[in-house]
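Engineer: Need a 3D model of the following:
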Amino acid sequence: MEEVKLKRKGELVKDEEGNLLLVNELNEAYRVDEIVAYIWSICDNRTFEEVAVDLASQGEVDVEEVKPPLQDLIAKLKSASLIE
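Structural biologist: Below you'll find the model as predicted:
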């Protein structure tokens, strides 16, 4: 997973109530918070390692602490066809 460049799919929109939604190519919408939206936005054309390092530096935590939850989130985004 570390050598492969991630590719973002779909789009980020706000609904009429101001909620953030990630919408895939099948027009399936998933409500997300700002953190998930940010992670999705930085995944384009970057490796898992690059995203993990970026997140760790943003939160001033060790990169190894970021990797397990990030792997889970990326797996969910992939299953929702929002990252490939």
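
Engineer: What lies in contact with the top helix by length along the chain?
Structural biologist: Using DSSP state H, we find that the single longest helix of the chain is helix 63-79. The contact list for helix 63-79 (Cβ atoms under 8 Å, 6 or more residues apart in numbering) reads 1, 6, 22, 36, 39-40, 43, 48, 51-53, 55-56, 59, 83-84. Where C-beta positions appear, they are placed from N, C-alpha and C, glycine not excepted.

Engineer: ok, of the residues you listed, which one's closest to residue 30?
Structural biologist: Proximity of the contacts of helix 63-79 to residue 30 (Cβ to Cβ) peaks at residue 22, which lies at 4.9 Å.

Engineer: which element is that closest one on?
Structural biologist: Using DSSP states H and E, residue 22 sits within strand 20-23.

Engineer: That strand packs against which elements?
Structural biologist: Identification of packing neighbours for strand 20-23 by 3 or more Cβ pairs under 8 Å, 6 or more residues apart in numbering; DSSP states H and E yields strand 11-14, strand 29-32, helix 34-42.

Engineer: Tabulate those in TSV, adding columns for mean neighbour count and mean pLDDT.
Structural biologist: As requested, those are exported to TSV (neighbours: other Cβ atoms under 10 Å; pLDDT from 0 to 100):
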stretch	mean neighbour count	mean pLDDT
strand 11-14	12	97
strand 29-32	16	97
helix 34-42	15	95
